[in-house]
Each structure stands twice: as C-alpha cells, then as structure tokens.
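>>> This is a predicted model, with the sequence first.
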Amino acid sequence: MTTVAVPARNSLRRQLSLFSSLVYRPNVAVPAVLADGNLAVGFAAIAVACAVAAAGTTRFASVLSVSDLIYGPQRTPLVTFLLDTLGTARAAVVVYLVEQAWSAVLVITAIGPVLAWLLGASAVHAAARISSAGRPFRRFGVFAAYATALALIPSGLSTFVFEIDPLSPVAFIGRVITFGLVLWLGALYYRGIRVYYGVPPTRAVTILIVAVTLFYLVPAMLIAAAVIAIITAAILLQLA
C-alpha cells in the first residue's frame, strides 16, 4: 500500500499552503487556518506587509512633500477649495500643522498592517462578545493575521507601483485594486466569523457591521472631528 506524506502542522510547507488555499479555496482554508495557523508565521506575514507599506511610504515621501500636496500641481480639488475658503494666512497655519504631523503620519502608514490586524481582530472579537458569541481570542487573532497580511501585501504593492502620483490616471488602477482587496478581506473575515464563532450568516454579517461601525467608523469620525477642532483653534489663535 502506498502512503501519502502529509505535511506537519507547523511545517513551512503546510503554512504556505494555508496562505495559497485562502486565495484559491477560502471555504476550505478558513477552518484550516483557524485550526492550524501559527502565530509566529502570521506575525512574520504581517511584518512583510509592513515592509511593503514602508517601501511605498518612503517612495511617496521622497517624491512628494507637504508643500507639493497643498501648493503644487498635485493638489486635489478639495485642497484647492480649502485654500480658496481659508485664505493665505489661515492656509499657512494649516500647512504648518500638517508639516509637524507629517512624520507621524508616515510612520503610522508604514505600520498600518499591524494596526489593521490588531484592531480588526479585536473589533470582531468585541462585537462577537456583544452578540453573545464570545470565544477565546487567540485562534481568531491568528486567522486575522493570515487574512490581513494576504490582503495588504498585494495592496501595498499596488500602491507602490501605481500610486506614486496621486492624480495620475494610473493611480486609479491602484485604488481599484486596493478597494477590491479590502472587500475580499471583509469576505474572509465574514467566513472566519461564521466558522469560529459558529453563527448563522445573518448574525455573522451583524457582527461584522457592528465591528466596522463601532470600532472603525465611529473612532475615525471622532478623530476627524478632533483634527478639525485643533486646526480651527490654531487658526483662531494665530489670527487673534
């Protein structure tokens, strides 16, 4: 009788096959990643995604500066509208504030995959607990690392290749690719929620919506409101 060798659970071959299966056979791969995923491998994949994001961020920062984005030909119609609305003096204050925060923005962008992984997994876990479907966090956290890295690595590569000039027609291709990968990541999360928390489709969708709304959209809106308030206060104090 001929026996077929099965890769060990933590072997490199087995772990790489989990990543490829998430692409080609997600319905089969999601339960496998939840069962056999390795935290160290998932973290390494996230580190690769951060390296890709850092390369894109460094290239972007070397090509465009804050002044270019606000005063140069690369500025968007929204920036032009704000300049016309604020006037020269107020716009100078905004430019100064953005320049002071620019380095921090670039660093956050470079480590974005880590934040997306930890915040995404935590948000889903918290939403599941709110929905009375709580389970231990670790296995879903490992699955989230695999799924997030698998989506953000090609997304970072598309940004690196297509979006050097934000206003070029080619940049639109990169945005479409990124948007599609984000939707695909959401589909993987949905499948992971169904399998790991053992909930029906409608409840899995509810958990995903609650996670995105309460732990992403609401904080993002609060941060945006805080930034607007800070800029407004700075303008008023500068012109007082």
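The structure has been received and is ready for your questions.
>>> helices and strands of this protein: which one has the lowest mean pLDDT?
The least trusted helix or strand in the chain, going by mean pLDDT, DSSP states H and E, turns out to be helix 66-71, with a mean of 69.
>>> need the next SSE after it, C-terminal direction.
Once helix 66-71 ends, the next helix or strand along the chain (criterion: DSSP states H and E) is helix 77-110.
>>> Next, the angle from the very next helix or strand once past that next one to helix 77-110.
Next helix or strand after helix 77-110 toward the C-terminus (DSSP H and E): helix 112-130. Helix 112-130 and helix 77-110 are oriented at 90 degrees to each other (axes from the mean of the first three to the mean of the last three CA atoms, to 10 degrees).
>>> State the mean pLDDT of the helix or strand following helix 112-130.
Later in the chain than helix 112-130, the nearest helix or strand by DSSP H and E is helix 137-162. Throughout helix 137-162, pLDDT has a mean value of 93.
>>> Apart from its chain neighbours, what residue comes closest to residue 138?
Spatial nearest neighbour of residue 138, chain neighbours left out: residue 39 (7.5 Å); criterion: CB to CB, 6 or more residues apart in numbering. All C-beta atoms are positioned from the backbone trio N, CA, C, and that covers glycine.
>>> Thought residue 52 was touching residue 160, still the case?
Yes: assessed by CB atoms under 8 Å, residue 160 is found in contact with residue 52 at 6.9 Å.
>>> Those two: which has the busier surroundings?
Neighbours around residue 160 and residue 52, counted as other CB atoms under 10 Å, are more numerous at residue 52. The numbers are 22 against 18.
>>> for the more buried one, what are its contacts?
With contacts defined as CB atoms under 8 Å, 6 or more residues apart in numbering, residue 52 is in contact with 152, 153, 156, 157, 160.
>>> which SSE is the spatially closest residue to the third one that is not a sequence neighbour in?
Right, the one you point to is residue 156. Leaving aside its chain neighbours, residue 156 sits nearest to residue 52 (3.6 Å; criterion: CB to CB, 6+ apart). Per DSSP H and E, residue 52 falls inside helix 39-63.
>>> and that helix with helix 137-162, angle?
Going by the same axes, to 10 degrees, helix 39-63 makes 30 degrees with helix 137-162.
>>> what comes up buried for helix 39-63?
Residues 41-42, 45-46, 49-50, 52-54, 56-57, 60-61 are the ones in helix 39-63 that count as buried (16 or more other CB atoms under 10 Å).
>>> All good on my end, thank you.
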